[in-house]
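Asker: Need a 3D model of the sequence below.
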Amino acid sequence: MSCIASISAISATVWLAASGPEKPLVIGTEDSFPPYILRDEAGNLSGMDYEIMIEICTRNARDCEWRTAPFSELIPGVAEGRFDVVLGGMAITPERRALVDMSIPYSSGGAAEWFVGKPGAPEPSEARISVEAGTMQETWLRKEALDFRSYGSEAAALNAVASGAADLALGPFNERPDLEHLIFGQGLGTLYWVEIPDEGTGIAVCKGSELKAMIDHSIQAMEADGTLDKLYNDWF
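Answerer: Numbering: from 1, shown residues only. Here you go, the predicted structure:
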């Protein structure tokens, strides 16, 4: 069932639920994009985005149920109704806004994205490029009609370069201590960069969902009372 169909079904039966508790929000995220989202040493979800969503749930007295999935499944998952909310360092882009509703941004976007490869690797226009599926980097490569192959994770994209299956990997690889063993530890380095601007980092919900207004209001309140600044300073 699509999320639009889910909204229609909920609206048609809202009188049945009026006297009962609200269902938990099902939140989808990838768990390997620090400092936005990660697994801590105890194996629990952590990160700035995790704390932001917990704060939103608390402020709105909503129970939240977390589920993890590959990044490529997050936007399709919320569009199809498998998740109510998805987040995790998710850039707001026109392509994503065409599929889902995005919240107002809670952190500013960046523009510089890096190509990682072995010394002497060809320039992007001549290279075989690996990239994580579902990312804005993948969208950019497709628009530019470059030679690329999509992989299920950042680690898989970087390992493709190390193994020789690709010449370069494109992604948000700058200042990523969690990936150093896959980059410098495998003899790779940052070789080229490109500007891929976005509209900031946000939270995605189904098109037409009332959750957007709730989330936007919470982000505005967290910005006004200093919560967002504190969380940013804690994690960056």
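
Asker: Assign the closest residue to Tyr36 other than its chain neighbours to helix, strand or coil.
Answerer: Leaving aside its sequence neighbours, Tyr36 sits nearest to Gly89 (Cβ to Cβ, 6 or more residues apart in numbering; 3.4 Å). For the C-beta atoms, the positions are set from N, CA and C on the backbone; glycine is no exception. State at Gly89, reduced to three classes by DSSP: H, G, I helix; E, B strand; the rest coil: coil.

Asker: what number of residues lie near Gly89?
Answerer: 19 (other Cβ atoms under 10 Å).

Asker: how far away is it from Glu144?
Answerer: 22 Å (Cβ to Cβ, to the nearest Å).

Asker: now swap in Arg67 and tell me
Answerer: Counting by Cβ to Cβ - Arg67 and Glu144 are separated by 33 Å.

Asker: go on, Asp63?
Answerer: When Asp63 is compared with Glu144 (using Cβ to Cβ), they lie 43 Å apart.

Asker: Trp140 should be in a helix, yeah?
Answerer: Yes: the assignment for Trp140 (three-state DSSP) places it in a helix.

Asker: Determine the number of other residues adjacent to the residue nearest to it when sequence neighbours are not counted.
Answerer: Leaving aside its sequence neighbours, Trp140 sits nearest to Ile196 (Cβ to Cβ, 6+ apart; 4.9 Å). Residues contacting Ile196 under the criterion other Cβ under 10 Å number 21.

Asker: Now do the contacts for the residue nearest to Tyr36.
Answerer: Contact analysis of Gly89 by Cβ atoms under 8 Å, 6 or more residues apart in numbering lists Phe33, Tyr36, Ile37, Asp49, Pro172, Thr201.

Asker: of those, buried ones?
Answerer: Phe33, Tyr36, Ile37, Asp49, Pro172, Thr201 (16 or more other Cβ atoms under 10 Å).

Asker: out of these, who's nearest Asp84?
Answerer: Asp49 (15.3 Å; Cβ to Cβ).

Asker: how far away is the residue nearest to that closest one when sequence neighbours are not counted from Ile54?
Answerer: The shortest distance from Asp49 to any non-neighbouring residue, by Cβ to Cβ, 6+ apart, is to Tyr36 (4.5 Å). For Tyr36, the distance to Ile54 equals 14 Å [Cβ to Cβ].

Asker: rewinding a little: please report the distance of the residue nearest to Asp49 from Glu80.
Answerer: Taken as Cβ to Cβ, the span from Tyr36 to Glu80 is 23 Å.

Asker: Identify the residues contacting the strand or helix carrying Glu95?
Answerer: Element membership of Glu95 [criterion: DSSP states H and E] is helix 94-97. For helix 94-97, contacts defined as Cβ under 8 Å, 6+ apart pick out Ile75, Met90, Met102, Met136, Thr139, Ala204.

Asker: Go again with 10 Å.
Answerer: Residues outside helix 94-97 that contact it (Cβ atoms under 10 Å, 6 or more residues apart in numbering): 74-75, 79, 90, 102, 134, 136, 139-140, 142-143, 198-199, 202, 204, 207.
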